[in-house]
Every structure is written in structure tokens, then in C-alpha cells.
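Engineer: with the input below, show me the fold.
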Amino acid sequence: MKISWIKYEKDAKSFRLPEALGFDVFKLNDLEQTDNKIKQLIKQNYDTIVISNEVAGFSEDIIKKYKKDKDIKIVISFDRD
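Structural biologist: Now for the predicted structure:
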């Protein structure tokens, strides 16, 4: 299992622990590139992708393409606020 996290670069709260532990946390400077980043990570054999709630709002493919895909798991991390 290969896991990654995606968040907005201006988001200082999300995924601090995985980032501090050296896991693959990717920061997007343009939220419109969310679907492209997901596709890129899948090509790099990531099978579990955790994305912040803010980033999830900018993806059209999460529901359309990956909802029924058994090989790719997209997890949306909701804000605690």
C-alpha cells in the first residue's frame, strides 16, 4: 500500500502529523489542478490518496471515476472546526 496526502499549500492545519513524520504530503498551489495531481499520483502507484476537504471541492473525478474503483481509495479528510 502506497499512501499520499494532498492539501492546499496555504493550509497550515491539515496533515501536520504525516508531514512531520516524513510521509508523502503534496501541496497544491492551484486547487484547479486537483484532478491532475490525483491522476499523477495514481500513475506513480499510489493506491490510497487522502485529500483535505478544501481540495476535494475542486475535484470532478472523485465521484465520477474513483467511487467504484476497487484499486484506488480516495479518502476525504473533513475539517474538525
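Engineer: shaky segments in this structure?
Structural biologist: 79-81 (pLDDT under 70).
Engineer: let's see it at 80
Structural biologist: 63, 79-81 (pLDDT under 80).
Engineer: for it, what spans make up the helices?
Structural biologist: 16-20, 34-43, 53-56, 61-64 (DSSP state H).
Engineer: would you mind putting those helices into CSV with mean neighbour count alongside?
Structural biologist: (C-beta placed from N, C-alpha, C; glycine too.) As requested, the helices of the chain are exported to CSV (neighbours: other CB atoms under 10 Å):
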stretch, mean neighbour count
helix 16-20, 12
helix 34-43, 16
helix 53-56, 18
helix 61-64, 14
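Engineer: got those helices as a markdown table, with distance to Lys27 columns?
Structural biologist: Converted to a markdown table, these look like this (distance: least, CB to CB, whole Å):
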| stretch | distance to Lys27 |
| --- | --- |
| helix 16-20 | 9 |
| helix 34-43 | 10 |
| helix 53-56 | 10 |
| helix 61-64 | 18 |
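Engineer: do you know which of the ones you listed lies nearest Lys10?
Structural biologist: helix 53-56 (9.3 Å; CB to CB).
Engineer: just the strands in the chain please.
Structural biologist: 3-8, 25-28, 48-52, 73-77 (DSSP state E).
Engineer: let's have those in CSV, adding distance to Leu17.
Structural biologist: Converted to CSV, these look like this (distance: least, CB to CB, whole Å):
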stretch, distance to Leu17
strand 3-8, 10
strand 25-28, 10
strand 48-52, 12
strand 73-77, 12
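Engineer: ok, which of those comes nearest Arg16?
Structural biologist: strand 25-28 (8.9 Å).
Engineer: and for the spatially closest residue to Phe15 that is not a sequence neighbour, the neighbour number?
Structural biologist: The shortest distance from Phe15 to any non-neighbouring residue, by CB to CB, 6 or more residues apart in numbering, is to Trp5 (4.5 Å). Using other CB atoms under 10 Å, Trp5 is surrounded by 23 other residues.
Engineer: nearest residue to Glu9 other than its sequence neighbours?
Structural biologist: Lys27 (4.0 Å).
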